[in-house]
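[1] Sequence first, then the predicted structure:
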Amino acid sequence: MSVFLATHERTHSCGALRASDAGKRVVLTGWVQNYRDHGERIFIDLRDREGVTQIVADRERIAAIHAVADQFRNEWCIGIVGEVKLRGQQLAKGVPGEERKLKAMTNTKIQTGEVEVWIDEVEVFSKADTPPFAIEDDVDTNDSVRLKYRYLDLRRPRLQRNLVMRSQITRTTRDYLACTGFLEIETPFMVKYTPGGARNFLVPSRLNPGNFYALAESPQIFKQLLMVAGYDRYFQIVRCFRDEDLRNERQPEFTQIDIEMSFVNEKILQTTMEGLMAKLWKDVLGIELTLPLRRMTFAEAMDKYGVDKPDLRLDLILTDVTEGFKGSGIKFIDDAIAAGGIVKALRIPKNEKFTRALIDELPNFGKQYGLKGVTTVRLQEGGVWQGLKGVPDEARAAITAKVGAQVGDAIVFVADKWKVANTALGGIRLHLGDKLGLIRKNEWQFMWLTDPPLFEVDEGEIAAAHHPFTSPRTEDEDMLETAPEKVLARAYDLVLNGVEVGGGSIRIHRSDLQARAFKALRISDENQRAKFGFLLDAFKFGPPPHGGIAFGLDRLAMLMTGAEYMRDVIAFPKTQKGSDLMTDCPTPVSAKQLDELFIQVKPDLPVK
RNA sequence: GGAGCGGUAGUUAAGUUGGUUAUAACGCCGGCCUGUCACGCCGGAGGCCGCGGGUUCAAGUCCCGUCCGCUCCGCCA
C-alpha cells in the first residue's frame, strides 16, 4: 500500500473547494490535467471525475516539493496534502489596488476557480506515458484511436458526465419502479433459438454437441411467463443481443428497461410509464414534464409526418394532395397515381434560408428513399406556382388552399407509393427542418404513438409488426380472418424528439385469440409448438391479462445527455463491425477449443 | 447486401500537373521564466504517407485490390 494512503484520506474531490474553504488543510487525489511551470512556482491542474482544482508547488514554500512537481507530466496520478488559499492571497497583503487584481485571478471556467491549494506533501502514485490524445472535451480525435484507448477517452469530462447521468437514470428508474410495486427479476441470456425477427448470436453447447443457445434478443417470452407465474409487476434493466447491421443508434448489445404488468390496460400502463419519465426528467435533469403526454394514432403520424416517430419540435406537416392532382397532366404524378400511389405536399413557410441550392439537392436527397422525383414550387402573387407548370388553375388553387400556403411559401411535392412517398417526404421534412433551423432544440417533445397495424404485409408476406403475442384491438378482432392488414394493434411506442425510446403492447392472453393470430400469420400448429410450445402450454394455466413495454436505455441516455453518438453513453462500445478495438475482439479461437465444441470452421475463410 | 466519406509525425490536418530534403498547429524532449489557468520565450527530436500489387525514369499524388473507421439505405430495436 502507498505510504501516502496509509496516513492520509482524501478530504475533498477536485470539484469541491470554494472560497469558504480557505485556510483548510486538505488532501486531494487525481490526475495531472495540465501544468504551467513558471520557474519558482508551478501551477498544476488536478483533475478527478468531479472537477479540476489548481494546486501550486512553490520553491520558496518547500523546495523539495517543488523539485518533485517539476517532474510532473500530464496524466500522472498523484495525491497531495496542502493548504487552501484564495487565489493570489499573498499579493493582497498591504499592496494598494491589489483587491481588483485578486478578483481577476479567479478562474471562472472552473467551479473551484476562487481557490488554489499550496502543496505541502505529495506522492506520485504512478507516472504516465504521453497519452495518444489530450484528455479534454473538445479533442477532435479519430474514433478508432479513442476506442483503442477507451480508458483514456473515458477520463474526458464529457464522457464522465454522460456515464454519471446514465447511472442516475438507472438508479432513478429502480427507485421509481420499486416504489410502484415492481419486482426486479433476472431472466436468462442464454435462451432457446427461435428463427424470425432479429438474427441471434449463437453460443455452442459443449455438453450438448451440435446444439446452440441463442443470446436473448429481449426477455419478451420470459417476462410474459413471469406474469403467468403471478409476479404481476416485473422490471429489469437488461442487456439484449441482436446480430444485425449496426448504426450510430444501434449496438450489437444494448440495454433495455424491460417492464411487464398484469391486470392493466393501455391507459394504466402508459400512465405508470409517464410517471417514470416525469421522475427521470425531474430527478436527473431538473425539468418538470407536463402530464399526460400527448397521444397520436399511427394513421395521423403517417399522414402528417410521414413516419411513426414524429419529431414534434418541428411544426412542418405533410398534406395528402392526391385528389387535387388527379388528371393534372403532369406525367410523373399521373403515373404514380395510376400505379396506386399518392401525392404528398410539404409546406415550407416563407424562409430566406430555403435557397435554390437547397431546393436543387432535394431530388438527390429523395433518391436514398427510392424516390424518383421531388418537385418544389414557390407561391407567387395571384396563386401562381413558380417551378411547376401545367397544373390547371382550379386544381392549383385547391391544392394551395389545402396545403394552406401563403404568398412566398414553398411547397415540396413527392409522388410515389404510399410508403415511399410518406417515408421520403418525412425524411425531407426533417432534413429541411434541420437546414432551415426550424427544429426547436431546447424542447422535450414526448408523444405516445397508438393504434399501429398489427401486421406488416410485404410483397404478399404477412408478418407480426411487433411480435405474435400482441393483442389486436377488440373492435378489430373480427377482421383477423377477413382483412388482417386492416387490424390495428393494442400497441404503443413512446416517441421523444423523433426517436422511438420505448415500445410495447397489451398481449394476447386468450388461447383462442392467439390461435387466430397465429392462423392469420400463417404459422402452422406444428411451427407454433416448435417455437412457442412452452408459452402456449403456460397459457393453459390461467394466464392473467397483461402487457408491457421496453425502453431503450442507451437511446434515453443519449437524448438526456445530449450526446450525438450512442457510443458516448456506453462505457465500452463496439464499432460498426461489432468489434472492440481495445481488446481486439472478436478473434479466431484455437483448433482445440473448436474441437471441444464440436465445431468446424469453413476452411476457405480469409485469415485476418 | 448496397451507397458515400475518411486513413500522411503521438494527435488534428495541408500536400498543386506525378518531380529537389513530405508541411503546419498542438503535443513531446531540453533550457529559461514569480501569478499562470489554451501561460510565455529559445532550441530540438519525431514519418512503412493503412496494407499489397501495378503504371512510370520517378508515386503521398495515377490505376487495381484489400483492411480498418465513420455516416446512410436495406435489415433491425
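    Ah, there it is.
[2] tell me which parts of the stretch 451-600 of chain A are close to RNA strand B?
    Within reach of RNA strand B by Cβ under 7 Å from any atom of the strand, the stretch 451-600 of chain A has these residues: A:458, A:500, A:503, A:552, A:554, A:565, A:567, A:575-577, A:579, A:581. All C-beta spots, glycine's among them, are computed from the backbone N, C-alpha and C.
[3] again, only this time at 10 Å
    Contacts of the stretch 451-600 of chain A with RNA strand B, taken as Cβ under 10 Å from any atom of the strand, map to A:456, A:458-459, A:463-467, A:493, A:499-504, A:550, A:552-555, A:564-568, A:573-581, A:584.
[4] Describe which strands the strand or helix carrying residue A:234 pairs with in its sheet and in which direction.
    Element membership for residue A:234, per DSSP states H and E: strand A:233-241. In the sheet, strand A:233-241 lines up against strand A:183-184 (parallel), strand A:253-262 (antiparallel) (DSSP bridges).
[5] coming back round to it: in PyMOL, select just the buried ones from the residues of the stretch 451-600 of chain A next to RNA strand B.
    Under the burial definition 16 or more other Cβ atoms under 10 Å, those of those that qualify are selected in PyMOL by:
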select buried, chain A and resi 464+465+466+467+493+500+501+502+503+504+550+552+553+554+555+566+567+568+573+574+578+581
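[6] now the closest residue to residue A:388 other than its chain neighbours, what's its secondary structure?
    The shortest distance from residue A:388 to any non-neighbouring residue, by Cβ to Cβ, 6 or more residues apart in numbering, is to residue A:377 (4.8 Å). Classification of residue A:377 by DSSP: H, G, I helix; E, B strand; the rest coil places it in strand.
[7] Tell me, how many residues neighbour residue A:377?
    Neighbourhood size, residue A:377 [other Cβ atoms under 10 Å]: 23.
[8] which element follows the worst-scoring helix or strand of chain A on mean pLDDT toward the C-terminus?
    Of all helical and strand segments in chain A, the minimum by mean pLDDT, DSSP states H and E falls on helix A:98-105, at a mean of 58. Moving toward the C-terminus from helix A:98-105, the next helix or strand (DSSP H and E) is strand A:115-126.
[9] Paired strands for that following strand, with orientation please.
    In the sheet, strand A:115-126 lines up with strand A:51-58 (parallel), strand A:77-86 (antiparallel) (DSSP bridges).
[10] Please flag which of the residues of the stretch 451-600 of chain A next to RNA strand B sit within strands.
    By the criterion of DSSP state E, membership of these in strands covers A:456, A:458, A:463-464, A:493, A:499-504, A:550, A:552.
[11] pLDDT-wise, what's the bottom of these?
    Comparing pLDDT over those, the lowest score belongs to residue A:458 (73).
[12] now the closest residue to RNA strand B within the stretch 301-450 of chain A, nearest residue through space, not along the chain?
    When scored by Cβ to the nearest atom of the strand, the stretch 301-450 of chain A has residue A:368 as its residue closest to RNA strand B, at 4.9 Å. Take residue A:368 and drop its neighbours on the chain: the residue closest to it by Cβ to Cβ, 6+ apart is residue A:427, 7.8 Å away.
[13] name the element the one you found belongs to?
    Using DSSP H and E, residue A:427 falls in helix A:418-435.
[14] helices or strands up against that helix?
    helix A:298-305, strand A:318-320, strand A:342-348, helix A:356-367, strand A:410-416 (3 or more Cβ pairs under 8 Å, 6 or more residues apart in numbering; DSSP states H and E).
[15] which of the residues in it are buried?
    For helix A:418-435, by 16+ other Cβ under 10 Å, it's A:420-430, A:432-433.
[16] quick one, it and strand A:375-379 angle?
    60 degrees (axes from the mean of the first three to the mean of the last three Cα atoms, to 10 degrees).
[17] Other residues contacting helix A:418-435?
    Counting contacts by Cβ atoms under 8 Å, 6 or more residues apart in numbering, the residues outside helix A:418-435 that touch it are A:302, A:305-307, A:311, A:314, A:316, A:318, A:336, A:341-344, A:346, A:348, A:353-354, A:358, A:362, A:365-366, A:368-371, A:374, A:412, A:414-416, A:438-439, A:498.
[18] If we use 6 Å, what do you get?
    Helix A:418-435 is contacted from outside by A:302, A:305-307, A:314, A:316, A:318, A:342, A:344, A:346, A:358, A:365-366, A:369-371, A:414, A:439, using Cβ atoms under 6 Å, 6 or more residues apart in numbering.
[19] Please check these and keep the buried ones.
    The buried subset of those (16+ other Cβ under 10 Å) comprises A:302, A:305-307, A:314, A:316, A:318, A:342, A:344, A:346, A:358, A:365-366, A:369, A:371, A:414, A:439.
[20] rewinding a little: which ones among the buried residues of helix A:418-435 also lie next to RNA strand B?
    A:420, A:423-424, A:427.
[21] quick one, what contacts whatever residue of the stretch 401-550 of chain A ends up closest to RNA strand B?
    The minimum distance from the stretch 401-550 of chain A to RNA strand B, using Cβ to the nearest atom of the strand, falls at residue A:503 (5.3 Å). Taking Cβ under 6 Å, 6+ apart, we find residue A:503 in contact with residue A:493.
[22] same thing but at 10 Å, please
    Residue A:503 makes contacts with A:308-309, A:449, A:452, A:466, A:491-495, A:548-552, as judged by Cβ atoms under 10 Å, 6 or more residues apart in numbering.
[23] Could you find the lowest-pLDDT member of these?
    Within these, pLDDT reaches its minimum at residue A:466, with 82.
[24] Assess the claim that it and residue A:521 are in contact.
    No - between residue A:466 and residue A:521 there is no contact under Cβ atoms under 10 Å: 11.9 Å.
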